[in-house]
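*Asks:* Show me the folded form of this:
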Amino acid sequence: MELTIDQINKIEYPEVVNVWEASVRATHHFLKEEDIEYFKPLILNTYLDAVELRGIRNSENKIVGFLGVAEQNLEMLFIHPDYRGKKIGKALLDYAITKLNVIKVDVNEQNEQAVGFYKHCGFEVIGRSELDATGKPYPTLHMELKDRPLLTVK
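*Replies:* Coordinates of the predicted model:
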């Protein structure tokens with residue numbers, strides 16, 4: 001399966017939000033429906049413009065995963081559920097570390113798969129917040145990359 005990572009155009013934002021929603025519904029079981037509906041327009045109209053955005057595309061040029069970075073912090077990394085387990089997350093994270101100088105990530109504590117993924121990739125918990133960045137009661141772990149290992153997709 002050939003995949004490419006490149007910039008995402010603003011006209012593709014609805015496609016990105018669809019990937020986000022599918023990913024969140026598959027992995028963020030702790031979120032309520034009203035939370036998903038709350039975040040959707042924020043992502044579309046505010047959050048995507050606030051980050052350096054990159055997408056990973058399949059052979060049909062469809063976005064199957066994306067990341068957003070601001071100030072060396074990985075603000076978002078989401079993979080369409082149909083493409084989970086295919087090393088797309090590692091490819092995006094490797095790109096973020098090597099090309100966009102990412103050294104930090106905040107992750108929902110209740111998203112145990114994501115926490116495990118980042119720990120496996122060399123991040124360590126350096127702090128915790130009881131609320132997420134929007135003030136919602138979803139504890140957030142603040143993680144930092146230690147020793148900056150190069151991740152390789154095999």
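
*Asks:* Tell me where the chain has helices.
*Replies:* Remark: helices of the chain, listed N- to C-terminal, are 13-27, 33-42, 88-100, 112-120; assignment by DSSP state H.

*Asks:* Now do the same contact list for the spatially closest residue to Ile63 that is not a sequence neighbour.
*Replies:* Nearest non-adjacent residue to Ile63, counting by Cβ to Cβ, 6 or more residues apart in numbering: Gly55, 4.3 Å away. (Glycine included, C-beta is placed from N, CA and C.) The neighbourhood of Gly55, defined by Cβ atoms under 8 Å, 6 or more residues apart in numbering, consists of 5-8, 12, 16, 63, 65-66.

*Asks:* which of those residues has the most neighbours?
*Replies:* Per-residue neighbour counts (other Cβ atoms under 10 Å) across those peak at Phe66, which has 28 neighbours.

*Asks:* With adjacent residues omitted, what lies nearest to the most centrally placed residue in the chain?
*Replies:* Geometric centre of the chain, nearest residue: Leu77, 1.1 Å, by Cα atoms, centre = their mean. Across the structure, with Cβ to Cβ, 6+ apart as the measure, the residue nearest Leu77 apart from its sequence neighbours is Leu67 (4.5 Å).

*Asks:* how about the one you found, what does it touch?
*Replies:* For Leu67, the contacting residues are 53-54, 74, 76-78, 92-93, 95-96, by Cβ under 8 Å, 6+ apart.
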